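1. Any chance you could fold what I've pasted below:
(4 chains)
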There are 2 protein chains.
Amino acid sequence: MSDLLERLRGRGWRMTSQRRVVAEVLDGDHVHLTADEVHARAARRLPEISRATVYNTLGELVALGEVAEVSTDGRAKRYDPNAHRPHQHLVCSGCGAIRDVRPTGDPLADLPAQERFGFTVSGAEVTYRGLCPSCA
Amino acid sequence: MSDLLERLRGRGWRMTSQRRVVAEVLDGDHVHLTADEVHARAARRLPEISRATVYNTLGELVALGEVAEVSTDGRAKRYDPNAHRPHQHLVCSGCGAIRDVRPTGDPLADLPAQERFGFTVSGAEVTYRGLCPSCA
DNA sequence: ATCCTACAATGGACAGAGTCCAAGTCAAGA
DNA sequence: TCTTGACTTGGACTCTGTCCATTGTAGGAT
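-> The predicted model follows:
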């Protein structure tokens, strides 16, 4: 993730302790934290960080394409740092656990022209649902 | 949709004017109303219907499998009466318009066993994104 | 090393979506 | 028609997220 900090600096980001901590919290695979969870973890290192700053920073990371926004349940959005490798999500209907998955094939290829209604289709998000080993 | 009313009566639903109006509002193809939109339309016919009743009724219709809940944008959930025919959604990134679409193939087939992490996978939701003819 | 200033952080008010609950109402079976 | 348990109501409440005026500070200029 320190290469992320480098990239951001290279893009003219002013590097503040708040932004650094948010970026560090969003490190790793299969990380899908809500904004409040990011705030809670960031606050362990930087107690006075505000919710507004966390929301601002997350929004900027999304706009820069460094983090993906995922909403699997119509509740709080989740933030996925694994934005550079295209992937989909597998969600446990029992406990809400989320795994990144890489299906074979391109979902776009499954949408024939007569099902596109004149739209210019640019992407597809797939959410697989099921029960994780612990919940099954 | 009157066959829906029959089915519900058959399942022991107490038939109230509020429930009837909500069911009638949710009639047609490519209908994807938010709860507030359902409430507004229902209130045109039954001015004193409350928001709580609309939420209750929508929740019951979803639990009975008569209506599908769709959340394409992390904002308000939308309610799709076309629940008996499996389909996916195509969403315009410009204006938010939603079309029901039927891709070929089964998205589940594209998730190989080693990408399932021991989950019992039961379904997949696909959201295609693009620009509709008016927004393109 | 210090100063400047534009950009960033803060926190509190606000808004949108949805849930909960106690009290009142009514559908439908007896 | 009566009765009763299911349904509806509206307002308070929660959760998630946004907005904004004020305060603070990173980092280039001197």
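2. From now on I want contacts and neighbour counts done on CA atoms only, so please keep to that.
-> OK.
3. Could I get the contacting residues of the closest residue to A:H84 other than its chain neighbours?
-> In space, and not counting its chain neighbours, A:H84 is closest to A:E66: 7.2 Å by CA to CA, 6 or more residues apart in numbering or on different chains. Residues in contact with A:E66 (CA atoms under 8 Å, 6 or more residues apart in numbering or on different chains) are A:L4, A:P81, A:N82, A:A83, A:H84.
4. quick one: is the top helix by length along chain A near chain B?
-> Secondary structure of chain A per DSSP state H: the longest helix is helix A:51-63. No - for helix A:51-63, no contact with chain B is found by CA under 8 Å from any CA of the partner chain; the gap never falls below 14.0 Å.
5. Over to stretch A:70-80?
-> Yes - residues of stretch A:70-80 contacting chain B under CA under 8 Å from any CA: A:S71, A:D73, A:G74, A:R75, A:A76, A:K77.
6. shouldn't A:R78 be in contact with A:D36?
-> No - in this structure A:R78 lies outside contact range of A:D36 using CA atoms under 8 Å: 9.5 Å.
7. Looking at the two, which has the bigger crowd around it?
-> Between A:R78 and A:D36, A:R78 has the larger neighbour count (other CA atoms under 10 Å in any protein chain shown), namely 21 against 15.
8. Not counting residues beside it along the chain, what's closest to the more buried one?
-> A:T34 (4.4 Å).
9. how close does the one you found sit to A:A113?
-> Distance from A:T34 to A:A113, counting by CA to CA, to the nearest Å: 36 Å.
10. now A:D3
-> Note on A:D3: its distance to A:A113, by CA to CA, is 41 Å.
11. So between these two, which is more surrounded?
-> The neighbour comparison of A:D3 against A:A113 (other CA under 10 Å) goes to A:A113, with 11 against 8.
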